[in-house]
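> sequence and computational prediction follow.
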Amino acid sequence: METISTIAALRERLSAYRKTGKSIGLVPTMGYLHAGHVELVARARAENEIVVVSIFVNPLQFGANEDLGKYPRDLERDSAMLRAAKVDFLFAPTVADMYPRPMETVVDVPKLGVELEGAVRPGHFAGVATVVTKLFNIVQPDSAYFGEKDYQQVAIIRRMADDLAQPVRIVPVPTVRDADGLALSSRNVYLSKQERAAAVIVPKALAEAERLYAEGADDPAAFEAALRAFIANEPLATPEVAAVRHPDTLEPLTRLQGQPILVALFVRIGTTRLLDNRVIGLTQAASDKAA
Ligand SMILES: Nc1ncnc2c1ncn2[C@@H]1O[C@H](COP(=O)(O)OP(=O)(O)OP(=O)(O)O)[C@@H](O)[C@H]1O
Ligand SMILES: CC(C)(CO)[C@@H](O)C(=O)[O-]
Ligand code: BAL
């Protein structure tokens with residue numbers, strides 16, 4: 001594995017492979033890797049001749065009062081994990097490499113980006129769409145891999161790639177979970193022991209949503225209220241988003257039965273926000289994978 005930090009050096013190294021028609025897979029990350037990231041890398045490894053993983057904690061997608069400064073970082077450990085996963089290139093630019101001057105250009109998908117997590121993190125998804133577009137332009141991958149845990153992010157990136165005719169296949173990868181069902185996330189490291197135990201309320205709420213739906217729940221407002229009440233049973237948990245939406249448009253629904261529905265959760269445990277979601281009502285539901 002080769003570690004590269006500048007745009008010019010990565011372009012130069014990849015152009016040789018591109019000329020000989022080698023397929024390139026890109027896995028964008030913010031580092032502090034776990035088995036969820038490794039799953040994305042394994043998928044990229046299986047489907048491409050060259051695999052590029054980027055590690056970049058993108059300031060554009062953090063709000064002023066968010067955790068940019070304390071976001072966990074461990075490049076040495078990440079490098080060892082990526083070497084073991086047979087990655088060809090680790091692209092680890094600095095902020096000055098990626099943004100040598102303030103960005104004047106923004107890629108935004110405003111309708112999808114203001115819903116759900118976007119309502120709680122204004123501007124977040126414009127920051128994501130902008131950096132992902134820049135990464136696509138640098139790497140020019142044939143395929144790019146994203147986790148379904150960040151369901152809204154995948155929806156926005158798909159729409160962006162389609163609207164802008166970006167020549168890349170967007171590949172969603174099922175969520176990897178801990179034994180108790182909690183979705184793996186770099187931010188889980190912020191949780192105290194007590195908070196980690198409380199966090200199991202998030203996957204439990206998804207199971208509760210499935211149960212309510214199977215029982216015939218049809219009124220979105222009542223369904224959301226029931227989910228909020230369920231989460232509030234855990235004193236350390238605050239449901240910032242507990243919503244049921246259309247899986248493609250992310251828009252509110254007028255009724256639930258007879259169609260697939262997206263259940264989206266954004267739950268604060270102490271000061272840590274945890275994200276999870278499930279699409280319910282599909283005949284062939286995407287099944288999550290145990291870690
Ligand atoms: N548990 C998981 N299973 C599968 N993919 C995941 C999982 N967690 C994260 N990913 C995916 O890995 C990619 C990089 O995500 P990122 O580096 O932000 O990790 P993260 O664990 O989601 O961090 P955070 O705690 O900041 O949300 C994203 O496409 C994300 O959806
Ligand atoms: C896609 C991404 C790497 C863009 O910074 C980030 O939003 C993430 O880690 O999910
Ligand atoms: N959604 C993963 C990246 C972030 O929270 O900023």
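Perfect, thanks for sending it. Ligands and ions are numbered 1, 2, ... in the order given.
> how about the secondary structure of the residue of the stretch 151-291 of the chain found nearest ligand 2?
Residue nearest to ligand 2 within the stretch 151-291 of the chain: residue 153 (5.7 Å; Cβ to the nearest ligand atom). The way it works is simple: take the backbone N, C-alpha and C, and place the C-beta from them, glycine included. Assigned state for residue 153: helix (three-state reduction, DSSP: H, G, I helix; E, B strand; the rest coil).
> how far away is residue 216 from residue 247?
Using Cβ to Cβ, to the nearest Å, residue 216 is found at 20 Å from residue 247.
> correction: residue 19
40 Å.
> how about the residue nearest to residue 243 when sequence neighbours are not counted, secondary structure?
The shortest distance from residue 243 to any non-neighbouring residue, by Cβ to Cβ, 6 or more residues apart in numbering, is to residue 264 (5.1 Å). At residue 264 the chain is in strand, as set by three-state DSSP.
> contacts only, for residue 264.
116-117, 151-152, 241-245, 250, 277 (Cβ atoms under 8 Å, 6 or more residues apart in numbering).
> now do 6 Å
If you count contacts by Cβ atoms under 6 Å, 6 or more residues apart in numbering, residue 264 has them with 116, 241, 243, 277.
> out of those, which are inside strands?
241, 243, 277 (DSSP state E).
> quick check: mean pLDDT across stretch 135-154?
Taken as a whole, stretch 135-154 has a mean pLDDT of 98.
> my error: substitute stretch 215-224 in the last question.
On average, stretch 215-224 scores 98.
> can you give me the strands for the stretch 51-200 of the chain?
89-91, 143-147, 169-173, 176-177 (DSSP state E, counting those that start in this stretch).
> so where's the chain uncertain?
283-291 (pLDDT under 70).
> need the residue closest to the centroid of it.
residue 150 (3.2 Å; Cα atoms, centre = their mean).
> so what's that residue closest to, chain neighbours aside?
residue 275 (6.5 Å).
> starting at the chain centroid, how far to the host helix or strand of that neighbour?
Residue 275 is part of strand 272-280 when elements are defined by DSSP states H and E. Strand 272-280 sits 10 Å away from the centroid of its parent chain (Cα atoms, centre = their mean, to the nearest Å).
> same thing with stretch 59-74?
15 Å.
> what does stretch 56-63 give?
With Cα atoms, centre = their mean, you get 13 Å for stretch 56-63.
> ok, now stretch 183-198?
Counting by Cα atoms, centre = their mean, stretch 183-198 comes out at 17 Å from the chain centroid.
> likewise stretch 50-57?
14 Å.
> which outside residues touch the strand holding residue 275?
151, 183, 187, 190-191, 202, 206, 210, 213, 247, 260-267.
> residue 216 and residue 247: which is more packed in?
A direct count of neighbours by other Cβ atoms under 10 Å for residue 216 and residue 247 places residue 247 higher, at 19 against 8.
> which ones are touching that one?
260, 262, 279.
> now list the buried members of the residues you listed.
residue 262 (16 or more other Cβ atoms under 10 Å).
> what would the contacts of residue 247 look like in TSV with distance to residue 233?
Below are those laid out as TSV (distance: Cβ to Cβ, whole Å):
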residue	distance to residue 233
260	27
262	23
279	24
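> any idea which of the contacts of residue 247 is closest to residue 172?
Ranked by distance to residue 172 (Cβ to Cβ), the contacts of residue 247 are led by residue 279 at 10.9 Å.
> what about that closest one, distance to residue 250?
In terms of Cβ to Cβ, residue 279 sits 12 Å off from residue 250.
> could you do residue 212 as well?
For residue 212 relative to residue 250 (Cβ to Cβ), the value is 20 Å.
> next: residue 54.
Taken as Cβ to Cβ, the span from residue 54 to residue 250 is 26 Å.
> also residue 17?
Distance from residue 17 to residue 250, by Cβ to Cβ: 37 Å.
> which one's more surrounded, those two?
Using other Cβ under 10 Å, the more surrounded residue of residue 17 and residue 250 is residue 250, with 21 against 16.
> now that one, nearest residue through space, not along the chain?
Nearest to residue 250 is residue 115, by Cβ to Cβ, 6+ apart, at 4.3 Å.
> how about residue 74?
residue 32 (5.9 Å).
> isn't the one you found right next to residue 72, touching?
Yes. Between residue 32 and residue 72 there is a contact under Cβ atoms under 6 Å: 4.1 Å.
> name the residues contacting each of these two.
residue 186.
> these two: which has the busier surroundings?
Between residue 32 and residue 72, counted using other Cβ under 10 Å, the more crowded position is residue 32 (20 against 14).
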